[in-house]
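**Q** Just need the structure, nothing else, for what follows:
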Amino acid sequence: MTLKCLILLTSLFFYQNLSAQNVSVIDGDTLKINNKKIRLFGIDTPEINQLCSKKELQYNCGIEAKEFLVALIKGKQIKCLEKNIKKYGR
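**A** Residues are numbered from 1 along each chain as shown. Below is the predicted model:
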C-alpha cells in the first residue's frame with residue numbers, strides 16, 4: 001500500500017528518526033521507507049522517465065525532480081504524517 005503523506009523537514013519533535021531506517025527516493029514525489037511507498041501530499045512531479053522541453057531542447061525532467069528531492073532530504077531527519085489515502089490505496 002502506498003500512503004500519501006506530508007513530509008516536513010525539521011530538527012525538532014520527530015515521530016521517527018528516519019535517517020536510521022531504510023529511506024530511498026523513487027521519484028520526485030515518492031519515497032520508500034522500510035519498503036513502504038510514501039507519496040508526498042500536494043506535490044506532483046514529472047514521471048521518472050518523462051522528458052520536458054525548454055527552448056526546443058529536451059531534458060529528463062523526471063530525473064531532475066528525483067535528484068532535487070534527494071538533495072532536499074539528504075542528511076536531514078524527516079517527520080512523515082499520514083494525511084489521507086486516495087484511490088488506488090495511495
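**Q** By mean pLDDT, flag the weakest helix or strand of the chain.
**A** Within the chain, no helix or strand scores below strand 3-9, which has a mean of 45 by mean pLDDT, DSSP states H and E.
**Q** C-terminal to that one, what's the next element?
**A** Using DSSP states H and E, the helix or strand that follows strand 3-9 towards the C-terminus is strand 23-27.
**Q** just checking, what packs against whatever helix or strand comes next after that following strand?
**A** As assigned by DSSP H and E, the chain's next helix or strand after strand 23-27 is strand 30-33. Judged by 3 or more C-beta pairs under 8 Å, 6 or more residues apart in numbering; DSSP states H and E, strand 30-33 is in contact with strand 23-27, strand 36-40. All C-beta atoms are positioned from the backbone trio N, CA, C, and that covers glycine.
**Q** and strand 30-33, which strands flank it?
**A** Taking DSSP bridges as the criterion, strand 30-33 pairs within the sheet with strand 23-27 (antiparallel), strand 36-40 (antiparallel).
**Q** tell me what the helix or strand just after the last one is packed against?
**A** Just to be clear, that refers to strand 36-40. With elements assigned by DSSP H and E, the helix or strand that comes after strand 36-40 is strand 52-54. Contact partners of strand 52-54 among helices and strands, from 3+ C-beta pairs under 8 Å, 6+ apart: strand 57-59.
**Q** which residues sit against the strand it packs on?
**A** 51-53 (C-beta atoms under 8 Å, 6 or more residues apart in numbering).
**Q** now with 6 Å?
**A** residue 51 (C-beta atoms under 6 Å, 6 or more residues apart in numbering).
**Q** Check the offset of that strand from the chain's centre.
**A** 23 Å (C-alpha atoms, centre = their mean, to the nearest Å).
**Q** same question, stretch 24-32
**A** 4 Å.
**Q** a strand runs through residue 70, doesn't it?
**A** No. Counting by DSSP: H, G, I helix; E, B strand; the rest coil, residue 70 falls outside a strand, being helix.
**Q** For it, give me its contacts.
**A** residue 25.
**Q** Now with 10 Å, please.
**A** Counting by C-beta atoms under 10 Å, 6 or more residues apart in numbering, residue 70 makes contact with 24-25, 28.
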